[in-house]
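**Student:** Give me a model of this one.
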Amino acid sequence: MNHQSRGSPRAVGSTGSPGEAPTDRDSPRTLTRFLSELGTGFAFVGRQYKITVGTRDYFVDLLFYHLELRRFIVFELKAVAAEPEHIGKLNFYVNVVDDRLRKEQHGDGPTVGILLAAGRDDVAVQYLLAGIDHPAGGIDLSGVAGRGSPSPS
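**Tutor:** Next comes the predicted model:
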């Protein structure tokens with residue numbers, strides 16, 4: 001396994017209210033709007049992207065490759081508030097994508113993981129990310145629902 005400079009879950013977001021939470025039905029639309037706010041450079045790799053680890057299949061909600069940053073971006077979508085197990089699952093996906101898809105010899109940087117959740121508790125988020133030994137932050141996604149632009153938090 002590639003243990004060098006691996007990425008990590010980088011953001012825990014909120015869409016503002018439970019009624020605006022990403023769901024399996026509307027999350028691609030919500031995420032498309034969010035990505036357009038972030039800017040250009042995102043190439044779609046897959047939705048429910050299958051990865052097999054051991055004897056079990058897992059499915060990454062959305063997988064992109066950022067052309068300018070030269071790195072994979074893993075999106076984990078949750079229609080509930082961020083929970084510790086969501087960060088663990090996202091970190092698992094980031095590690096697998098980093099190990100199996102990332103090509104350092106081609107200049108790929110560490111994989112980035114982004115958790116989009118229906119809500120967040122900033123104190124809980126600090127604890128959720130405390131065990132991650134790479135930079136991490138939060139994004140307020142309330143602008144995705146039409147109330148302004150996403151802003152770093």
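**Student:** okay, and for the protein, where does confidence drop off?
**Tutor:** 1-28, 31, 34-35, 38, 133-153 (pLDDT under 70).
**Student:** So which elements touch the longest helix seen in it?
**Tutor:** Ranked by residue count under DSSP state H, the longest helix found in the chain is helix 84-100. Applying 3 or more C-beta pairs under 8 Å, 6 or more residues apart in numbering; DSSP states H and E, we find helix 84-100 packed against strand 9-14, strand 42-53, strand 56-66, strand 71-77, strand 112-117, helix 122-130. Every residue, glycine included, has its C-beta placed from N, CA and C.
**Student:** List the strands paired with the third one, with their directions.
**Tutor:** Same thing as strand 56-66. strand 42-53 (antiparallel), strand 71-77 (antiparallel) (DSSP bridges).
**Student:** And the contacts of that strand?
**Tutor:** Strand 56-66 is contacted from outside by 27-28, 31, 35, 41-52, 71-77, 92-93, 96-97, 112, using C-beta atoms under 8 Å, 6 or more residues apart in numbering.
**Student:** These, buried ones only, as a PyMOL selection?
**Tutor:** Listed next is the PyMOL selection for buried residues among the contacts of strand 56-66, using 16 or more other C-beta atoms under 10 Å:
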select buried, resi 27+31+35+42+45+49+51+71+72+73+74+75+76+77+92+93+96+97+112
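**Student:** by how many degrees do the longest helix of the chain and strand 112-117 diverge?
**Tutor:** Interaxial angle, helix 84-100 versus strand 112-117 (axes from the mean of the first three to the mean of the last three C-alpha atoms, to 10 degrees): 150 degrees.
**Student:** now helix 84-100 against helix 122-130, angle please.
**Tutor:** 30 degrees.
**Student:** which parts of helix 84-100 are buried?
**Tutor:** His86, Ile87, Lys89, Leu90, Asn91, Phe92, Tyr93, Val94, Asn95, Val96, Val97, Asp98.
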